[in-house]
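K.L.:
generate a structure from the sequence data that follows.
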Amino acid sequence: MDCMSDATVCPGKISGTLCAMASKSYTHRAVIAAALAEGKSVIENALDSNDTAATIEAMQILGAKINRHGKKLVKITGIDIHKAFAKEPINCRNSGSTMRFLISLLVLARRASVLDAYEGLRKRPMGPVIDALATVRIDSNGGYPPLKINPGKLPKVIKIGGNLSSQFITGLLFALPLEKSDSGIIITTELESKPYIDITLDILKAFGIKVKHTNDCKKLEIAGGQTYTPRKYRIHSDFSGMAFPLVAGAIAGNVTVTGVTFKTKQGDRKIIGILKRMGADIRLDKTKGSIAVSNRNALKAVKIDAGDIPDLVPVLAVACAYARGRSVIYNAGRLRIKESDRLKAIADGLKKMGVRVIEKPDSLEIGGDGRLNGAVVESYGDHRIAMALAVAALGAEGKTTIKGAECVAKSYPQFFEDLKKLGVAIEVEK
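P.N.:
Next up, the predicted model:
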């Protein structure tokens, strides 16, 4: 579907079973950890998407040998980052994770490195980590990409805010164990999206890296002189991606997702509890690893704190549009600097479909009654907006056309194919 331009989704009852996709968050991190381990690693069930491809290409440019065997198996021979250097500029495409994970790591490389990106990512700020690494020379476009990162030493104590992006902190956690000296990270604000730090710590532990930290992860202590250990690692299923078919089932039919990893650090596993609070008919089988959702029950309005689950906001906004009453999604201001201004983008799309939405600086108020109209809506080049509006279309009166729907390849390339498996009629304009 990469060459698709627009997708028109026809409403109707859906039914079927899908296999859970692999986690983008875990795939990014496992690829980097394996590439930093001197030896051979195997990553099973790796996600094949535009974003994860950007991370794989970046580590290859740094000298790691990475080969795919089928779509889900990746074999990696790692590098010594202190001897490595980027042989050419690294194009992170539109993957903010790739860029933010690599900034601190490239300080340890043998030569200066350039991180560049597509236009969308060039508009996303990198200033917080540049400021935190004040002793290192990082040339930028006023705190935005492209970046030129010069070799140097990372500060022994790094103070950084945790309210803009946890990805900067993940990047520091990848790099600091490879310094000779012990170091520490102090989070100077509230830490939002803490589950993503938990995922990073989970991966680091799996690859032999030890980090001491407080329960709230606002203070982290990292011993220097550590080494990454090569290993075989299986990627967890992805609750961020799984949320779309689960919400689809709750509003338009019956959906079962198999291959679910219930024991995971992903904050987006909260989608289960949120749908339960909304009254959805949802059944878990932890023995078989499956989740089944149906629209047997009417959804009810809820209040949702988005602080730890920003990626769920677009599809939860859709669920709220189908719930009776006034729902509020709050603590969501950071969504304005994602691939799009996600609060504005999802509000605009739902308004065009007839939903009452009040957009505030860090929240959305959604007056749901379950009556949506088909419309022509914009993805704004944002994968999660495109997928959320496709789900919204399933229960609408009339067809919905999503402009620029090819952006789903960033995280969930088979999204529209999966909808077709559920019986959805989709017209594609290339």
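
K.L.:
CA only for contacts and neighbour counts going forward, please
P.N.:
Will do.

K.L.:
excluding chain neighbours, what is closest to residue 95?
P.N.:
Leaving aside its sequence neighbours, residue 95 sits nearest to residue 51 (CA to CA, 6 or more residues apart in numbering; 5.1 Å).

K.L.:
quick one, what contacts that neighbour?
P.N.:
Going by CA atoms under 8 Å, 6 or more residues apart in numbering, residue 51 touches 24, 93, 94, 95, 98, 410, 411.

K.L.:
mind redoing it with 10 Å?
P.N.:
The contact partners of residue 51, taken as CA atoms under 10 Å, 6 or more residues apart in numbering, are 24-25, 27-28, 92-98, 409-412.

K.L.:
buried ones among these?
P.N.:
24-25, 27-28, 92-98, 409-412 (16 or more other CA atoms under 10 Å).

K.L.:
in terms of helices and strands, where is the residue nearest to residue 95?
P.N.:
Element membership for residue 51, per DSSP states H and E: helix 50-61.

K.L.:
give the next helix or strand downstream of that helix.
P.N.:
strand 65-69.

K.L.:
and that next one, what's buried?
P.N.:
65, 66.

K.L.:
show me what that strand is in contact with.
P.N.:
Against strand 65-69 from outside (CA under 10 Å, 6+ apart): 31, 34-35, 40-44, 46, 48, 56-57, 59-60, 73-79.

K.L.:
OK, contacts around the nearest residue to residue 119 once chain neighbours are set aside?
P.N.:
Nearest non-adjacent residue to residue 119, counting by CA to CA, 6+ apart: residue 94, 7.7 Å away. By CA under 10 Å, 6+ apart, the residues touching residue 94 are 50-51, 54, 116-122, 124, 339, 410.

K.L.:
helix/strand/coil for residue 94?
P.N.:
coil (DSSP: H, G, I helix; E, B strand; the rest coil).

K.L.:
again, but for residue 358
P.N.:
Secondary structure of residue 358, per three-state DSSP, is strand.

K.L.:
tally of neighbours for it?
P.N.:
Neighbour count for residue 358, taken as other CA atoms under 10 Å: 14.

K.L.:
nearest residue to it in space, please, no chain neighbours.
P.N.:
If you skip the residues right next to it in sequence, residue 358 has residue 365 as its closest partner in space, 5.0 Å away by CA to CA, 6+ apart.

K.L.:
wait, is the one you found part of a helix?
P.N.:
No. Secondary structure of residue 365 (three-state DSSP): strand, not part of a helix.

K.L.:
where do the strands sit along the stretch 201-350 of the chain?
P.N.:
For the stretch 201-350 of the chain, strands defined by DSSP state E, counting those that start in this stretch occupy the ranges 211-213, 219-222, 232-234, 253-258, 281-285, 290-294, 303-305, 325-330.

K.L.:
ok, the stretch 1-150 of the chain next?
P.N.:
Using DSSP E, counting those that start in this stretch, strands in the stretch 1-150 of the chain cover 6-9, 14-19, 40-44, 65-69, 73-77, 90-91, 113-116, 138-139, 147-149.

K.L.:
tell me where the stretch 51-200 of the chain has helices.
P.N.:
Along the stretch 51-200 of the chain, the stretches classed as helices by DSSP state H, counting those that start in this stretch are 96-106, 119-122, 127-132, 167-175, 194-206.

K.L.:
just name the most buried of the ones you listed.
P.N.:
Comparing those by mean neighbour count (mean count of other CA atoms under 10 Å), helix 96-106 comes out on top with a mean of 25.

K.L.:
pLDDT averaged over it - what is it?
P.N.:
Helix 96-106 comes out with an average pLDDT of 98.

K.L.:
surely residue 217 touches residue 189?
P.N.:
No. Assessed by CA atoms under 10 Å, residue 217 is found out of contact with residue 189, at 11.4 Å.

K.L.:
the more surrounded of these two?
P.N.:
Between residue 217 and residue 189, counting by other CA under 10 Å, residue 217 is the more crowded of the two (16 against 13).

K.L.:
contacting residues around that one?
P.N.:
185, 186, 187, 191, 194, 197, 198.

K.L.:
let me see the ranges of the helices in the stretch 251-400 of the chain.
P.N.:
Going by DSSP H, counting those that start in this stretch, the stretch 251-400 of the chain shows helices at 271-277, 313-321, 342-352, 383-393.

K.L.:
so for the last one, mean pLDDT?
P.N.:
Averaging pLDDT along helix 383-393 yields 98.

K.L.:
thinking again about what came up before, which pair in the contacts of residue 51 spans the largest distance?
P.N.:
92 and 412 (17.6 Å; CA to CA).

K.L.:
follow-up on the earlier one: would you mind putting the helices of the stretch 51-200 of the chain into JSON lines with distance to residue 316 alongside?
P.N.:
Shown next, in JSON lines, are these (distance: least, CA to CA, whole Å):
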{"stretch": "helix 96-106", "distance to residue 316": "22"}
{"stretch": "helix 119-122", "distance to residue 316": "24"}
{"stretch": "helix 127-132", "distance to residue 316": "29"}
{"stretch": "helix 167-175", "distance to residue 316": "23"}
{"stretch": "helix 194-206", "distance to residue 316": "18"}
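
K.L.:
so for residue 234, which of the helices of the stretch 251-400 of the chain sits nearest?
P.N.:
Across the helices of the stretch 251-400 of the chain, closest to residue 234 is helix 271-277 (CA to CA), at 22.5 Å.

K.L.:
can you get me the start-to-end distance on stretch 422-430?
P.N.:
This stretch, stretch 422-430, spans 22 Å end to end (CA to CA, to the nearest Å).

K.L.:
name the surrounding residues that touch it.
P.N.:
1-18, 245, 248-249, 253-256, 390, 394, 399-406, 416-420.

K.L.:
mind doing that once more with 7 Å?
P.N.:
Stretch 422-430 is contacted from outside by 3, 4, 5, 6, 7, 8, 9, 10, 12, 14, 15, 16, using CA atoms under 7 Å, 6 or more residues apart in numbering.

K.L.:
state the mean pLDDT of it.
P.N.:
91.

K.L.:
please identify the buried residues of it?
P.N.:
Buried residues in stretch 422-430 (16+ other CA under 10 Å): 422, 424, 425, 426, 428.

K.L.:
closest one of those residues to residue 234?
P.N.:
residue 422 (27.2 Å).
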